[in-house]
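A.B. asks: just to be clear, the model below is a prediction. Sequence and coordinates:
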Amino acid sequence: MTGALDGVPRADIERLAATVSGYPLHTRLADGTIVDVPMTALVPLVEARARCLADAGAALVVVLCAGKFPEIRCAAPVLLPGKVLPGVVGAIARTHRIGVVVPNAGQIPAATEKWTTDGFTVKVTSASPFRHEEIVPAAQAMADPSLEMIVLDCMGHHAAYRAEFARRTGRPVMLTQSLVARIAGELMS
């Protein structure tokens with residue numbers, strides 16, 4: 001496993017994070033620091049890492065981010081959670097009226113547009129997987145009986161977070177992390 005920002009000097013990461021334009025991806029660095037870096041800055045780094053993994057013999061590359069990444073060009077197949085998730089949710093959600101939880105408020109406009117374009121009537125809020133106290137207001141916003149399901153649209157949200165979110169909202173909750181892991185497992189078995 002490798003991260004797009006692994007080996008990037010801290011000053012360069014801070015410079016990237018200071019860029020206010022673009023879709024901000026919520027990232028936890030190896031030292032535990034949380035930064036939001038525009039996707040446009042990360043895409044070339046992710047693609048470079050994917051190529052290195054493919055060149056080293058990886059049979060599959062999984063991008064561990066649910067953001068709307070463009071196609072990643074490398075010799076191995078690339079699993080993009082942001083493309084897989086709407087297809088699975090669309091196959092399950094009869095009404096296509098869903099709640100979506102992104103990891104930071106800066107992603108709300110882009111997530112609303114993305115899920116709407118994907119054919120959903122969507123209510124979007126944010127809650128960082130790294131700031132547990134954010135779950136309470138996000139769950140309150142999503143405790144809407146008209147929502148068929150809630151999607152935790154971030155690879156950082158984990159199973160315990162999903163369980164608590166489901167308990168607080170009374171709604172079924174789709175966890176991107178486990179869905180992607182199962183798909184990757186199927187591809188590799």
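C.D. replies: Thanks, I have it.
A.B. asks: any low-confidence regions in this protein?
C.D. replies: 20 (pLDDT under 70).
A.B. asks: look through it and tell me its longest helix.
C.D. replies: Scanning the chain for the helix with the most residues, using DSSP state H, yields helix 39-55.
A.B. asks: ranges for the helices of this structure?
C.D. replies: Secondary structure of the chain (DSSP H): helices located at 10-18, 39-55, 81-92, 108-117, 135-142, 159-169, 176-188.
A.B. asks: same for the third one, what does it pack against?
C.D. replies: When you say that, I think you mean helix 81-92. The contact analysis (3 or more C-beta pairs under 8 Å, 6 or more residues apart in numbering; DSSP states H and E) places helix 81-92 against helix 108-117, strand 149-152, strand 173-175, helix 176-188. The way it works is simple: take the backbone N, C-alpha and C, and place the C-beta from them, glycine included.
A.B. asks: change it to 7 Å
C.D. replies: helix 176-188 (3 or more C-beta pairs under 7 Å, 6 or more residues apart in numbering; DSSP states H and E).
A.B. asks: buried sites along the helix it packs on?
C.D. replies: By neighbour count on 16 or more other C-beta atoms under 10 Å, the buried set for helix 176-188 is 176-177, 179-180, 183.
A.B. asks: and if you look at stretch 119-131?
C.D. replies: Using 16+ other C-beta under 10 Å as the test for burial, stretch 119-131 gives 120, 122-130.
A.B. asks: quick one: contacts for Val180?
C.D. replies: 62, 79, 81, 84, 155 (C-beta atoms under 7 Å, 6 or more residues apart in numbering).
A.B. asks: could the helices of the chain go into JSON lines alongside distance to Arg73?
C.D. replies: Below are the helices of the chain laid out as JSON lines (distance: least, C-beta to C-beta, whole Å):
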{"stretch": "helix 10-18", "distance to Arg73": "21"}
{"stretch": "helix 39-55", "distance to Arg73": "6"}
{"stretch": "helix 81-92", "distance to Arg73": "15"}
{"stretch": "helix 108-117", "distance to Arg73": "21"}
{"stretch": "helix 135-142", "distance to Arg73": "35"}
{"stretch": "helix 159-169", "distance to Arg73": "32"}
{"stretch": "helix 176-188", "distance to Arg73": "19"}
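A.B. asks: nearest to Thr33, out of those?
C.D. replies: helix 10-18 (8.6 Å; C-beta to C-beta).
A.B. asks: show me what the closest one is packed against.
C.D. replies: So helix 10-18, by 3+ C-beta pairs under 7 Å, 6+ apart, packs with strand 34-38.
A.B. asks: so what's the gap between the strand it packs on and the chain middle?
C.D. replies: With C-alpha atoms, centre = their mean, to the nearest Å as the basis, strand 34-38 stands 13 Å off its chain's centre.
A.B. asks: picking up where we left off before, who touches the longest helix of the chain?
C.D. replies: With C-beta under 7 Å, 6+ apart, helix 39-55 has contacts from 2, 4-5, 16, 19, 22-23, 25, 61, 63, 67, 69-70, 72-76, 78.
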